[in-house]
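1. No sequence on hand, only this structure:
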């Protein structure tokens with residue numbers, strides 16, 4: 001069983017930056033592929049970014065490429081999402097997710113086994 005706890009959300013202005021953190025309780029954190037999703041009001045949860053077990057490779061949604069960066073520190077059992085140049089359309093609840101690593105990138109909600117409770121990010125114009 002893996003428990004995930006997100007932190008770092010808040011209210012910012014357009015153009016600002018935020019860094020989200022996801023602390024995992026897992027004996028073998030490096031065995032899990034980590035990802036971030038987000039869900040805006042009235043919309044479905046959507047994929048943002050994912051990172052491989054060791055952190056050597058990552059994959060991001062087109063909507064955040066060049067602005068958001070996913071990373072991880074396996075020693076600290078933590079995944080991060082650095083968000084720069086935030087836009088009002090980035091406003092959402094951001095969720096951390098984990099899955100037992102397999103081949104290929106997973107971008108669907110049903111491909112991830114573990115979820116955090118979410119952290120709110122609000123970007124004002």
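-> Looks like it came in fine. Just so it is clear, the model here is predicted, and its values are computed rather than measured.

2. What's the local residue count around residue 90?
-> By the criterion of other CB atoms under 10 Å, residue 90 has 22 neighbours. Every C-beta, even on glycine, is put in place using the N, C-alpha and C of the backbone.

3. residues in contact with the nearest residue to it once chain neighbours are set aside?
-> Nearest residue to residue 90, sequence neighbours excluded (CB to CB, 6 or more residues apart in numbering): residue 123, at 5.2 Å. Listed by CB atoms under 8 Å, 6 or more residues apart in numbering, the contact set of residue 123 reads 12, 13, 14, 16, 86, 87, 88, 89, 90, 91.

4. What residues are bridge-paired with residue 123?
-> Here residue 123 sits in beta bridges with residue 12, going by DSSP bridges.

5. Tell me the pLDDT of it.
-> Looking at residue 123, its pLDDT is 98.

6. One more: residue 54?
-> 86.

7. Surely it and residue 71 touch.
-> No. Under the criterion of CB atoms under 8 Å, residue 54 makes no contact with residue 71, lying 11.6 Å away.
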